[in-house]
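Asker: I'd like to go over a predicted model; first the sequence, then the structure.
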Amino acid sequence: ADFPEIDLVGNGTSIVDGQTTTSVADDTDFGTINMGNSDVHTFTINNTGIATLNITSINVSGAQAVDFVVSGLTLPATVASGTSTAFTVTFTPSATGVRTATVTVNNNDCDEGVYNFALQGTGISNPVATGKYNDVVTCRGSNGFRGDLSAAITNPELTAFIVLRPNNPSGNRGFYSIAGPSTDFSSPNGAILAYVGGTNQLNLYRIGNRNPITNVNQQWGIVSHRIDASTMETFYNNDAARTFSSFNAFNYNLYTVGTRWNQTNNAARGDVAEVILYNNNMSNTALRQINAYLALKYGITLDQTTPQDYLASDGTTLMWEAVVTGNYNHDIAGIGRDDNSALIQKQSKSASSDAILAMGLGTIAASNTANTNSFSSNMHFLTWGNGDLSPVACDAVSTLLPGGGVNSRMARVWQIEENNGDVGTLELEFDLTGLGWPGTTASDFFLLIDDDGLDFSNATVVNAAGLVGNTVTFTGINLADGDFITLGTTASFPEIDLV
């Protein structure tokens, strides 16, 4: 007898019947999707048998089945021997967090008639540096944008910047390329680019040379390339240069954003916030200024292995000064106005994965644009960074407190820098999700404002204005240069000492 044989494929990779694990490699893992957005993956059904394969139904089941919708194939369907058909699954998260389901393809294969496999995706709401602070373009691994540079850049000098966040990086998926005359980007004088190559790794690349940046999944970063006729330097968050001294200059004819080689192959999965190209080999000072602009705008902490300031466009004003803050150089973020670079950042939160503090000028609105408050003058900045101590409740500090109902405080402390005068009143938000802090009303929390960050017994105490979910809000706050702040609470914690 002749029998059909089903083979179900995602992203060119066979998916085993009964597969309970998910993977980006076979498109069963949709990665991270912003709330309100969707991602569509296509799955191919091959019939490698002799007889006709009959597909009677395709169902989705499981805890979050409603988030995964099958379409693209009229059922019942038949697949002739040696041919294939396809269906799509659209993932639209209805809530934040990991969302799972199981797809079942009912068919007449004699031993895989109930062909099922797991799906997974993660919903995120107002992710750091997206929407609420600045908009981004989300790349979903399907295609990218391609353009022509030949008229704009006519010499071998170039400085390029891209702000990006890989999502579940694997394979050879590119975020941007700048290429020579070879239309397929493969000539020895082919391209410079930033692309994901290998699991959780970003490569800063020039044909024949690459430097990997590791642990990049869901991490915002600034990639920059600086090129002259014989040398290329690459940087990540303005760290120490990686220099390719054997670099051969070429004419910059083409560029891509959101893909590696062309619009249909090797497309990126992740977010791109901004791309900037200059037709010169930028000076060290200018490189610092552009990185500082991007860092403040997107809440990215520049590399502090060797302490570096955030230098404004006038070449003298410091948005954030490393010498002043000392060890308070983690999760750096800020707000401010720099007219020459068209920077008006009215609300911000560090893009670091463990950041919990957001601030806004007057308020924290639905977006930076929606915040209608304004800075009184150019070159006004307020920035903050923390000392990298734990924010969790189990590590709370219960000594050197101001009293008045404050029984403990968060160990993590932030230092404030304010340059060129008072920026005005602020709204502050502390996101306590997953940190274990007790408290059911706003009256359980306080903002502590201190002058040294160590002894909070003389701190100014401000009552919280609101508690919504896990977010504590303080309004009408005026902070000064050199202030130290942390979160206080009415909670008391036991401490065991066994002797």
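Answerer: Arrived safely, thanks for sending.
Asker: Packing partners of the longest helix along the chain?
Answerer: Here the longest helix in the chain is taken by residue count, with DSSP state H as the criterion, and it is helix 284-298. If contacts are counted by 3 or more CB pairs under 8 Å, 6 or more residues apart in numbering; DSSP states H and E, helix 284-298 sits against strand 158-166, strand 221-227, strand 269-278, strand 310-311, strand 318-320, strand 330-338, strand 343-345. (C-beta placed from N, C-alpha, C; glycine too.)
Asker: Between strand 330-338 and it, find me the angle.
Answerer: Counting by axes from the mean of the first three to the mean of the last three CA atoms, to 10 degrees, helix 284-298 lies at 100 degrees to strand 330-338.
Asker: quick check, distance from helix 284-298 to the centre of its chain.
Answerer: Using CA atoms, centre = their mean, to the nearest Å, the distance from the centre of helix 284-298 to the centre of the chain it belongs to is 18 Å.
Asker: and it, which residues are buried?
Answerer: Taking 16 or more other CB atoms under 10 Å as the neighbour-count basis, helix 284-298 is seen to contain the buried residues 286-298.
Asker: again, but for stretch 401-419
Answerer: Residues 401-402, 406, 408-419 are the ones in stretch 401-419 that count as buried (16+ other CB under 10 Å).
Asker: Now for these: which two are most distant?
Answerer: When the buried residues of stretch 401-419 are compared pair by pair using CB to CB, the two farthest from each other are Ser408 and Asn419, 32.6 Å apart.
Asker: what's the burial count for the closest residue to Val406 other than its chain neighbours?
Answerer: If the residues on either side of it in the chain are set aside, Val406 comes closest to Gly488, at 4.2 Å by CB to CB, 6 or more residues apart in numbering. For Gly488, the count of nearby residues is 27 (other CB atoms under 10 Å).
Asker: Name the helix or strand for Gly488, please.
Answerer: When elements are defined using DSSP states H and E, Gly488 is found to belong to strand 484-489.
Asker: Just the residues contacting that strand, thanks.
Answerer: 384, 396, 401-402, 406-416, 428, 430, 437-439, 444-453, 456, 459, 461, 472, 479 (CB atoms under 8 Å, 6 or more residues apart in numbering).
Asker: Tell me how far that strand lies from the chain's centre.
Answerer: Using CA atoms, centre = their mean, the offset of strand 484-489 from its chain centre is 27 Å.
Asker: Same check on stretch 319-328?
Answerer: Mean C-alpha position of stretch 319-328 versus that of the full chain (CA atoms, centre = their mean) differs by 24 Å.
Asker: Show me where the stretch 1-150 of the chain dips below the pLDDT cut-off.
Answerer: Filtered on pLDDT under 70, the stretch 1-150 of the chain yields the residue ranges 1, 125-131, 140-148, 150.
Asker: Spit out the contact partners of Val105.
Answerer: Residues in contact with Val105, defined by CB under 8 Å, 6+ apart, are Ile6, Leu8, Ile45, Ile55, Ser57, Ile58, Val114, Tyr115, Asn116.
Asker: SS state for it?
Answerer: Secondary structure assignment for Val105 (DSSP: H, G, I helix; E, B strand; the rest coil): strand.
Asker: how much space is there between it and Thr20?
Answerer: Applying CB to CB, to the nearest Å, the value for Val105 to Thr20 is 16 Å.
Asker: what do you get for Thr96?
Answerer: Distance from Thr96 to Thr20, counting by CB to CB: 23 Å.
Asker: So for those two, which residue has more residues nearby?
Answerer: Of the pair Thr96 and Thr20, Thr96 is the one with more neighbours under other CB under 10 Å, namely 15 against 10.
Asker: How about the contacts made by the more buried one?
Answerer: Met35, Thr122, Gly123, Ile124, Ser125.
Asker: With neighbour count added, can I get these in a markdown table?
Answerer: Written out in a markdown table, the entries for the contacts of Thr96 read as follows (neighbours: other CB atoms under 10 Å):
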| residue | neighbour count |
| --- | --- |
| Met35 | 15 |
| Thr122 | 19 |
| Gly123 | 22 |
| Ile124 | 16 |
| Ser125 | 14 |
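Asker: Nearest to Val499, out of the buried residues of helix 284-298: which one, please.
Answerer: Taking CB to CB as the measure, Val499 sits nearest to Ala295 out of the buried residues of helix 284-298, at 49.5 Å.
Asker: ok, the closest one touching Leu302?
Answerer: Yes: between Ala295 and Leu302 a contact is recorded at 5.0 Å, counting by CB atoms under 8 Å.
Asker: For these two, list the residues in contact with both.
Answerer: With CB under 8 Å, 6+ apart, Ala295 and Leu302 have common neighbours Ile222, Asn237, Asn238, Tyr310, Ile332.
Asker: Would you reformat those as CSV and include neighbour count, pLDDT and distance to Phe161?
Answerer: Formatted as CSV, the shared contacts of Ala295 and Leu302 follow (neighbours: other CB atoms under 10 Å; pLDDT from 0 to 100; distance: CB to CB, whole Å):
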residue, neighbour count, pLDDT, distance to Phe161
Ile222, 25, 93, 6
Asn237, 21, 94, 11
Asn238, 22, 93, 10
Tyr310, 27, 97, 15
Ile332, 28, 96, 18
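Asker: Let me know whether Thr433 touches Val472 as I believe.
Answerer: No: Thr433 sits out of contact with Val472 when judged by CB under 8 Å, with a separation of 11.1 Å.
Asker: Would you mind telling me which of these two has more residues around it?
Answerer: Of the pair Thr433 and Val472, Val472 is the one with more neighbours under other CB under 10 Å, namely 25 against 10.
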